[in-house]
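> Build me a structure from this.
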Amino acid sequence: MTADSSILVVPPRTFNLSAPVSGGEHYIFSTKTGDVPSVELHFIPSAILSADCTNRSNIKFYIFDQDRNLKFSHGTEPFILDEVQDFDSGRLALIDDKFNIFNVCHFLLDKITRIPLFESVKPDIYLCFSRNQYVEDVFAKLGRRVFSPFLDMAKKGVRKISIRIPELYVSSNSFKIKHSGLRHPAHVGAPWAIDFLRKSFVETEGGAEPSQPAPAGVGQRIFISRNKALTRKILNQDEVNKVLEKYDFKTVFLEDFRFAEQVAIFKSANAVIGVHGAGLTNILFCGPKNTRVGEILPPLCATRAYWVLSNALGFEYGAFIAEDKEFPKPDYAGWKHQGKLYNKRNVLVNIKAFERFVKNMVC
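A predicted model of the protein is given here:
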């Protein structure tokens, strides 16, 4: 690629989604088609990246070209510090975006799936703001190097940094650029994104960490618990547990397992149930093509990410619409997504209806 150039690496496509086997009245199923946007790859030589880590859960960052013109931005106050540090570890590819607080769903479905976009330029290292054991495990499995000094920097009290990068590569779906917008590759069912994840973690045994058996006591039917999460818990979980046990579902707390263990758990699963949330991203690792996915949907707020993902994987998907303790089930014909208002609410499960749902799912 020439200086400050861009090339089309993925053309756009539209596809049809299979209707859920249950729960289809929820507002997230109102559109039965998927839209995968085009993606462009941009090369910026002698780039300067400035990051403001004042808010560690929402890092603002700005990318400038060699003439200090702002090219890409996630923030409203672009800056370049007087002291610019030099990055000297080779070609750098940005795989992050404005959703830079760590979340398994965004990390796997969005950030990691940008890696294959850069294969033609063979980066030496990838820029990702998140840094924890899970991130380290995934990059070790992929055999890739990760550059992520920003959280450590913020912990030391350094709030702003500017870095000069000789060769920086950026994908258009990290920003709102032309027709691509800020879109999540695997969230929208992009085949190239799903294929990369499956080949990296399910269909091959490459990477630094060998395959391992699932932890003892975990079977083929998995329930993903959110009891250790802060939001979207099941208020009558004890009653739900009795139904799950009746149909041989084993409850897992994903927080208790390293990345490789989570992959092993889901590789042997053929039925997975969970409340709408990042834990359901693990259906990526399910091996059998006849896997059935049951998503417990909060009645007021959800996204279609795991319905789309199930479609892309060829899995049978059904939804169970839960209840809210304070609000009645809305009229979905005119209901609009309102994440800021309703995304964190806990749910109630109608036990008789839930047992019918589970029975139909596994029988």
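> mind listing what's buried in the helix or strand hosting K141?
Per DSSP states H and E, K141 falls inside helix 133-142. For helix 133-142, the neighbour count (16 or more other C-beta atoms under 10 Å) marks 134-135, 137-142 as buried. For the C-beta atoms, the positions are set from N, CA and C on the backbone; glycine is no exception.
> Which of those sits closest to E119?
Relative to E119, the closest of these is L142; by C-beta to C-beta it sits at 12.3 Å.
> Look up the pLDDT of the closest one for me, please.
In this model, L142 is scored at 95, pLDDT.
> Same check on the one 10 residues further on?
Listed pLDDT for D152 reads 75.
> Excluding chain neighbours, what is closest to it?
R131 (6.9 Å; C-beta to C-beta, 6 or more residues apart in numbering).
> secondary structure class for that neighbour?
coil (DSSP: H, G, I helix; E, B strand; the rest coil).
> which residues sit in contact with it?
By C-beta atoms under 8 Å, 6 or more residues apart in numbering, the contact set of R131 is 146, 148, 150-152.
> Could you report the distance from it to L92?
R131 sits 16 Å away from L92, going by C-beta to C-beta, to the nearest Å.
> Just name whatever secondary elements the strand or helix carrying W307 is in contact with.
Following DSSP H and E, one finds W307 within helix 305-313. When contacts are defined as 3 or more C-beta pairs under 8 Å, 6 or more residues apart in numbering; DSSP states H and E, helix 305-313 sits against helix 191-201, strand 292-297, strand 316-321.
> Let me know the angle separating that helix from strand 316-321.
Interaxial angle, helix 305-313 versus strand 316-321 (axes from the mean of the first three to the mean of the last three C-alpha atoms, to 10 degrees): 170 degrees.
> centre of the chain versus helix 305-313, how much separation?
Chain-centre distance of helix 305-313: 12 Å, with C-alpha atoms, centre = their mean, to the nearest Å.
> and that helix with helix 191-201, angle?
Note on geometry: by the same axes, to 10 degrees, helix 305-313 and helix 191-201 are set 80 degrees apart in direction.
> Near the closest residue to F118 other than its chain neighbours, how many other residues are there?
Excluding the flanking residues, the one nearest F118 by C-beta to C-beta, 6+ apart is A93, at 4.4 Å. Using other C-beta atoms under 10 Å, A93 has 25 neighbouring residues.
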